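Participant: Show me how the following folds:
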Amino acid sequence: MTTSARPDELGAFLKARRAELSPGAVGLPETGGRRRVHGLRREEVAVLAAISTDYYTRLEQGRMQASAPVLDTLGRVLNLNDDQRAYMLELAGRPAARPPRRAAQKVQPRLRRLLADLGTTPGIILGRRMDILAWNPLAAALIADFSKVPEKHRNYIRLLFTEPAMRELYADWENVAHTCVAQLRMEAARDSDSQRLAGLVGELSVRDADFRSWWAAHHVAVRGVGTKVLRHPIVGELTLDWDTLAPTVDADQHLVVWTAEPGSPSHDALRILSSWTDGTAPAPADSGRGSGTASG
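Facilitator: All right, here's what the predicted structure looks like:
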């Protein structure tokens with residue numbers, strides 16, 4: 001078995017995925033009787049994958065390593081999407097192993113320059129584990145004044161679960177937080193030896209029941225694009241599109257930006273917020289939010 005394989009986690013992932021599938025979803029007849037387990041039984045998965053029940057049971061129990069063809073078949077049987085397939089292969093130790101210890105991240109100069117030039121567009125640079133590496137003043141005004149957060153706690157998913165203001169900011173906080181957990185779970189497959197990641201997961205698992213439940217569900221996702229509704233305490237409700245940009249020189253760093261449709265109320269609200277951050281208009285004295293400064 002390869003040193004990067006994590007059979008116990010792979011087994012838990014496979015178990016979680018089969019629990020989400022009904023017999024009808026995979027073309028098996030629905031008997032109508034009471035089932036003792038949620039989703040598919042192990043023997044049903046084995047039949048669909050053309051392997052023995054004992055083989056699949058050992059795989060799910062973390063007692064053996066699956067071949068690449070079997071993993072490919074299981075991906076099809078369990079209706080895994082591309083992100084889930086990539087995660088399964090990471091857990092099986094199929095991709096090239098990464099060095100177990102990596103140096104602390106430094107913001108890529110090109111990303112920092114781009115971030116500084118985004119005068120009317122909020123942006124932050126996220127690193128491994130969703131650590132917040134840098135931000136521009138408008139992002140601080142829109143999301144949070146990250147400069148007031150201790151550097152060791154400057155992590156986006158940690159703020160989502162521990163700061164009440166973040167729960168109030170996102171109109172659909174549950175969906176946002178759930179997606180972030182799925183993204184962190186994806187990163188965990190690539191960075192399994194990180195003590196900081198283990199500490200973050202342990203802390204949030206103890207502090208928040210939702211995080212604990214979502215982490216155990218083994219849902220996975222990658223950073224991409226989307227739309228979020230924010231309830232800002234100064235400029236009101238905004239509907240913003242967010243995009244993730246990654247430099248080719250460092251795939252572990254991402255620039256996340258929020259934009260609004262030109263001419264929309266949200267676009268006007270961003271311009272108003274920008275005028276406060278650049279000093280052309282005073283912010284209300286009781287706003288409770290600082291503009292922050294870009295930082296590594």
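Participant: For Ile143, give me its contacts.
Facilitator: Residues in contact with Ile143 (CB atoms under 8 Å, 6 or more residues apart in numbering) are Pro122, Ile124, Trp135, Met166, Leu169. For glycine as for every other residue, the C-beta is placed from the backbone atoms N, C-alpha and C.
Participant: what helices or strands is the host helix or strand of Phe211 leaning on?
Facilitator: According to DSSP states H and E, Phe211 maps onto helix 209-216. Taking 3 or more CB pairs under 8 Å, 6 or more residues apart in numbering; DSSP states H and E as contact, the helices and strands that helix 209-216 lies on are helix 173-190, helix 195-207.
Participant: Surely Trp258 is in a strand?
Facilitator: Yes. Trp258 forms part of a strand when assessed by DSSP: H, G, I helix; E, B strand; the rest coil.
Participant: How about it, nearest residue that isn't a chain neighbour?
Facilitator: Leu240 (4.3 Å; CB to CB, 6 or more residues apart in numbering).
Participant: cool, and Thr57?
Facilitator: Arg42 (5.6 Å).
Participant: just the helices in the stretch 101-250 of the chain please.
Facilitator: Taking DSSP state H, counting those that start in this stretch, the helices of the stretch 101-250 of the chain run over residues 109-116, 137-142, 156-162, 164-169, 173-190, 195-207, 209-216.
Participant: just those: most buried one?
Facilitator: Looking across those with neighbours counted as mean count of other CB atoms under 10 Å, the highest average goes to helix 137-142: a mean of 25.
Participant: Determine the three-state secondary structure at the nearest residue to Ser52 once chain neighbours are set aside.
Facilitator: What sits nearest to Ser52 in space, not counting adjacent residues and going by CB to CB, 6+ apart, is Ala46, at 6.2 Å. Following three-state DSSP, we place Ala46 in the helix state.
Participant: Low-confidence ranges, the stretch 51-200 of the chain, go.
Facilitator: 95-104, 192-193 (pLDDT under 70).
Participant: Centroid-nearest residue for the chain?
Facilitator: Gln183 (2.1 Å; CA atoms, centre = their mean).
Participant: Got phi/psi on the closest residue to that residue other than its chain neighbours?
Facilitator: Excluding its sequence neighbours, the residue lying closest to Gln183 (CB to CB, 6+ apart) is Ala221, at 5.2 Å. Phi and psi for Ala221, reported as degrees, to the nearest 10, are phi -160, psi 160.
Participant: and Ala221, how many neighbours does it have?
Facilitator: 18 (other CB atoms under 10 Å).
Participant: right, and it touches Leu184 too?
Facilitator: No. Between Ala221 and Leu184 there is no contact under CB atoms under 8 Å: 9.4 Å.
Participant: got a markdown table for the contacts of Ile143, with distance to Trp258 too?
Facilitator: Output for the contacts of Ile143, formatted as a markdown table (distance: CB to CB, whole Å):
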| residue | distance to Trp258 |
| --- | --- |
| Pro122 | 5 |
| Ile124 | 9 |
| Trp135 | 12 |
| Met166 | 15 |
| Leu169 | 12 |
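Participant: who touches the lengthiest strand in the chain?
Facilitator: Criterion DSSP state E: the longest strand present in the chain is strand 236-245. Applying CB under 8 Å, 6+ apart, the contact partners of strand 236-245 are 171, 223-232, 254-261, 264-266, 269-270.
Participant: what comes up buried for that strand?
Facilitator: Leu238, Thr239, Leu240, Trp242 (16 or more other CB atoms under 10 Å).
Participant: Kindly state the beta-bridge partners for the first one.
Facilitator: Per DSSP bridges, the residues bridged to Leu238 are Leu230.
Participant: Quickly note the distance from it to Leu138.
Facilitator: 12 Å (CB to CB, to the nearest Å).
Participant: and for the two, which residues touch both?
Facilitator: Leu270.
Participant: Take the helices of the stretch 101-250 of the chain and write them to CSV, including distance to Asn79.
Facilitator: Formatted as CSV, these follow (distance: least, CB to CB, whole Å):
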stretch, distance to Asn79
helix 109-116, 36
helix 137-142, 37
helix 156-162, 27
helix 164-169, 32
helix 173-190, 16
helix 195-207, 26
helix 209-216, 20
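Participant: wait, which of those helices is closest to Ser52?
Facilitator: With CB to CB as the criterion, Ser52 lies closest to helix 173-190 of the helices of the stretch 101-250 of the chain, at 26.8 Å.
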